[in-house]
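Enquirer: Sharing a model that was predicted from the sequence below.
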Amino acid sequence: MSLLLGQPAMPTADLPPADEPTASGRPGRSRWPRWTAVVAALGLAWALAPQGVRLGQDVRVAMPVRAGLEVPEYGADGTYFLAYEYGETVTVGVPVSNTGLLPVTVTGVRLVEPEFPLLEPVPEGEGAAEPVELGPFEEAVVPLTFRFANCRYYHERATQSYTAAEVTGSVLGRSFTETVSFAEPLTSHAQVILDCPERTLVRGDDRRLPAPGRG
C-alpha cells in the first residue's frame, strides 16, 4: 500500500488563491498576458492617434481690410475676391477648431491648390506661423501667407477659386494632415497683360507644362 494514501488531504479553504503569492513567494499565475494586452492596447491607440483628429469645417477666412472684397451674392455661399498684386504677399487668417478629444499641435496651414496657382505658397520658412497648441474644443486663428504669382499662364477672364486648406500638425507625437473647408471660397482673378510683368506676346511662352512625374 502506498504511504500517500495515509496522509490527510489539505482542506480547500487553506489553499492560496491562484493569483496570490504562495509560500515560496512566487505568484500562482503569471501576469504577463495581462501586461502584454495593456501594452498592445496603448501601442494601438498611439498608432491610430492621427485618425482621432477632428477639425471644424466651413470656416470663415479672416482677410485684411484692403486684401479684397467679400461678395455674398457670388456663388452658392458667397466669395472672397482677392485684389491681385503681382509679386506681393498677403496674409489671411484661417480659424482652426479642435473638435476632438485629443490635444493637437498645429504647425502649418496651406491652400489646397493646383499646379501654377495664382496664389503661390511662400518659400519654406518665410512667413511661417509659430506652432499652436489646441486642447479639446479650443480654436485659434492661424495665419496663412501666400504670394500672387503665375499670372502669365492665365488670360484676363480666368479666375481661380480655393475652397479648402490643408492643416498639418501632430497629436501624441504622431504627424497628421487634415483638410478644412471654407464657408466662402477665396477667389483670385487673372490679370491683363499690362498688369502681368512676366507675360510675353509669344503664345508658346506661356504654356502650363506638367511638373516632372505628372501626366
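Expert: Arrived safely, thanks for sending.

Enquirer: Can you show me the helices along this protein?
Expert: 32-47 (DSSP state H).

Enquirer: for the top strand by length along it, what is the average pLDDT?
Expert: Taking DSSP state E as the assignment, the strand of the chain that covers the most residues is strand 174-189. For strand 174-189, mean pLDDT rounds to 92.

Enquirer: same question, stretch 97-111
Expert: Mean pLDDT, computed over stretch 97-111, is 91.

Enquirer: And that stretch, what's buried?
Expert: Residues of stretch 97-111 classed as buried: Ser97, Asn98, Leu102, Val104, Thr105, Val106, Thr107, Gly108, Val109, Arg110, Leu111 (neighbour count, 16 or more other CB atoms under 10 Å). All C-beta spots, glycine's among them, are computed from the backbone N, C-alpha and C.

Enquirer: Pull out the C-alpha coordinates of that stretch and format them as PDB.
Expert: These are the backbone C-alpha positions of stretch 97-111, laid out as PDB (Å, rounded to 0.1, in the frame of the first residue of the first chain):
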ATOM      1  CA  SER A  97     -11.000  74.400 -34.300                       C
ATOM      2  CA  ASN A  98     -10.100  71.200 -32.500                       C
ATOM      3  CA  THR A  99     -13.500  69.400 -32.200                       C
ATOM      4  CA  GLY A 100     -11.900  66.100 -31.000                       C
ATOM      5  CA  LEU A 101     -11.000  64.800 -27.600                       C
ATOM      6  CA  LEU A 102      -7.200  64.800 -28.100                       C
ATOM      7  CA  PRO A 103      -4.900  67.800 -27.700                       C
ATOM      8  CA  VAL A 104      -3.200  68.700 -31.000                       C
ATOM      9  CA  THR A 105      -0.300  70.900 -32.200                       C
ATOM     10  CA  VAL A 106      -0.900  72.800 -35.400                       C
ATOM     11  CA  THR A 107       2.300  73.500 -37.300                       C
ATOM     12  CA  GLY A 108       1.100  74.900 -40.600                       C
ATOM     13  CA  VAL A 109      -1.700  75.800 -43.000                       C
ATOM     14  CA  ARG A 110      -1.600  75.900 -46.800                       C
ATOM     15  CA  LEU A 111      -4.200  76.200 -49.500                       C
END
